[in-house]
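Engineer: for reference, the sequence and a predicted model appear below.
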Amino acid sequence: MNRIAIDSHRSLFYALFAIFELLLLVSVVALWCIDPRRMSGLDDAAGITFWFSFFGLSVVCWLLRRAAPRMARVGLITLVGSFIAGSLLPAVP
């Protein structure tokens, strides 16, 4: 039997890590590609998705720090990089 399938809580954390990582990267790319001068709901949805996935990924990385330390480090590097990339966006009134 596959060891990952036996440890169901660990495989759940791996799946949550992948989902939150994907959502975080997609929301950062969407925020970079959306024209901020247009008033659309897409930028609001991308911002909400960014913060939801940011907090979710930080919790999952904190829980995985002992079970899978390399994966947790990759997640934390992604969190820092996405926060820096998001803060480099210009604020348009």
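Structural biologist: Great, that's in hand.

Engineer: strands of the chain, start to end?
Structural biologist: Using DSSP state E, no strands are found in the chain.

Engineer: least confident secondary structure element in it?
Structural biologist: None of the helices or strands of the chain scores lower by mean pLDDT, DSSP states H and E than helix 3-6, at a mean of 58.

Engineer: and Val28, how many neighbours does it have?
Structural biologist: 22 (other Cβ atoms under 10 Å). Just so you know, the C-beta spots here come from the backbone N, C-alpha and C atoms, and that holds for glycine as well.

Engineer: now do Ser40
Structural biologist: So Ser40, with other Cβ under 10 Å, has 10 neighbours.

Engineer: in stretch 77-87, what's buried?
Structural biologist: Within stretch 77-87, the residues scored as buried using 16 or more other Cβ atoms under 10 Å are 78-79, 82, 86.

Engineer: among those residues, which two are most distant?
Structural biologist: Distance extremes for the buried residues of stretch 77-87: the farthest pair is Thr78 and Gly86 at 12.1 Å, using Cβ to Cβ.

Engineer: out of the buried residues of stretch 77-87, which comes closest to Asp43?
Structural biologist: For the buried residues of stretch 77-87, the nearest to Asp43 is Gly86 (12.0 Å; Cβ to Cβ).

Engineer: Ser87 versus Arg73, what's the distance?
Structural biologist: When Cβ to Cβ, to the nearest Å is the yardstick, Arg73 and Ser87 sit 21 Å from each other.

Engineer: do the same with Leu79
Structural biologist: In terms of Cβ to Cβ, Leu79 sits 13 Å off from Ser87.

Engineer: in contact with the residue sitting nearest the centre point of the chain, which residues?
Structural biologist: Taking Cα atoms, centre = their mean, the centroid of the chain lies closest to Leu24, which sits 3.1 Å from it. Shown in contact with Leu24 (Cβ atoms under 8 Å, 6 or more residues apart in numbering): 50, 53-54, 57, 78-79, 82.

Engineer: ok, so of these, who is nearest Gly41?
Structural biologist: Nearest to Gly41 among those, with distances taken as Cβ to Cβ, is Phe50, at 14.6 Å.
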